[in-house]
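>>> fold the following, please.
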Amino acid sequence: MQVAVKNQSGETVESIDLNDLVFDVPMNRSLVHQAMVIYQSNRRHGTHDTKTRAEVSGGGRKPWIQKHTGRARQGSTRSPHWRHGGVAFGPHPRSYRKALPKRMKRAALRCVLSEKARNDRIVCLESMDAIDGKTRSMTGLLQRLNVSGSALIVTLGSEAGVIQAASNLKKIYTLPVNQLNAETLLSRDTLIITNDAARWAEDSLASDPH
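Predicted coordinates:
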């Protein structure tokens, strides 16, 4: 898979070959869907809670005698079918965490990277040295690269200037390459990645650990 490398003026300076094992694999929709569901499930806090009839305040006294009233027998005013009663079978705090095997996680990321590459949604940069932490420098770079919509900027490490410059831009997200994942990448329109970060991803994802 060939990708053009651009400088920070938006000019193409060279073309590089990226490993087809990472950037040109068939799309496995069921795998990517499974990974997305697990990523989103793991973000849930699971703090939801409802009160059962035992937890609702009041209702300790029997509202009326058992017999001879003509009304249905009742033991508490906090039964689930009563107004202000407890909730039957309501949600309680629990963990939604699910495990995603490392090989599946990496395979899903390769699928999404390949899909971005096939759709020309990857912009490879020589470097981002000119980004000085100001929002203006980031917006200028995006304009020169003809990037519109949401974008994920991936660098080799956490670069404070890039993070600060993108922090005021609502649709721009930054990430070091070692934290790149299928969910974050799939939810952005364009991937902007530095040359050294692309090489790191290529080396890291080309083969699965045994």
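>>> buried stuff in stretch 108-127?
108-117, 121-125 (16 or more other Cβ atoms under 10 Å). Any C-beta I mention is one placed from the backbone N, CA and C, and that applies to glycine too.
>>> which of these fall in strands?
122, 123, 124, 125 (DSSP state E).
>>> those into JSON lines, with extra columns for pLDDT?
Below are those laid out as JSON lines (pLDDT from 0 to 100):
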{"residue": "122", "pLDDT": "94"}
{"residue": "123", "pLDDT": "93"}
{"residue": "124", "pLDDT": "93"}
{"residue": "125", "pLDDT": "92"}
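>>> show me what the longest helix seen in the chain is packed against.
Ranked by number of residues, the top helix in the chain under DSSP state H is helix 102-118. Helix 102-118 sits against helix 20-23, helix 29-42, helix 182-186, strand 190-194, helix 195-205, with contacts defined as 3 or more Cβ pairs under 8 Å, 6 or more residues apart in numbering; DSSP states H and E.
>>> quick one: which of the ones in strands among the buried residues of stretch 108-127 is nearest to residue 173?
For those, the minimum distance to residue 173 (Cβ to Cβ) is 14.3 Å, reached by residue 123.
>>> tell me how far the closest one lies from residue 150.
Residue 123 is 13 Å from residue 150, where distance means Cβ to Cβ, to the nearest Å.
>>> need the contact list for residue 153.
128, 162, 166, 172, 173, 174, 175, 192, 193 (Cβ atoms under 8 Å, 6 or more residues apart in numbering).
>>> and the pLDDT for the residue of the chain positioned farthest from its centre?
The centre of the chain is farthest from one residue, residue 68, which by Cα atoms, centre = their mean lies 62.1 Å away. You'll see residue 68 listed with a pLDDT of 96.
>>> three-state assignment of it?
Following DSSP: H, G, I helix; E, B strand; the rest coil, residue 68 is assigned to coil.
>>> mind listing what it touches?
Contacts of residue 68 by Cβ under 8 Å, 6+ apart: none found.
>>> do residue 8 as well
Per Cβ under 8 Å, 6+ apart, neighbours of residue 8: 125, 126, 127, 128, 129, 130, 141, 144.
>>> repeat that for residue 62.
74, 75, 76.
>>> can you list phi and psi of it for me?
phi -70, psi 130 (degrees, to the nearest 10).
>>> so how far is residue 75 from it?
6 Å.
>>> end-to-end on stretch 175-194?
This stretch, stretch 175-194, spans 11 Å end to end (Cα to Cα, to the nearest Å).
>>> if you could redo that for stretch 60-73, that was the one I meant.
15 Å.
>>> check stretch 165-173 too.
End to end - Cα to Cα - stretch 165-173 spans 10 Å.
>>> in it, what's buried?
165, 166, 169, 172, 173.
>>> restricted to strands, list the residues you listed.
Per DSSP E, these map to strands at 172, 173.
>>> in the buried residues of stretch 165-173, find the pair that's most separated.
Applying Cβ to Cβ across the buried residues of stretch 165-173, the maximum distance is between 165 and 173, 12.4 Å.
>>> hmm, back to that, kindly reformat the helices and strands packed on helix 102-118 as a markdown table containing mean neighbour count and mean pLDDT.
Formatted as a markdown table, these follow (neighbours: other Cβ atoms under 10 Å; pLDDT from 0 to 100):
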| stretch | mean neighbour count | mean pLDDT |
| --- | --- | --- |
| helix 20-23 | 18 | 92 |
| helix 29-42 | 15 | 97 |
| helix 182-186 | 19 | 95 |
| strand 190-194 | 23 | 94 |
| helix 195-205 | 18 | 92 |
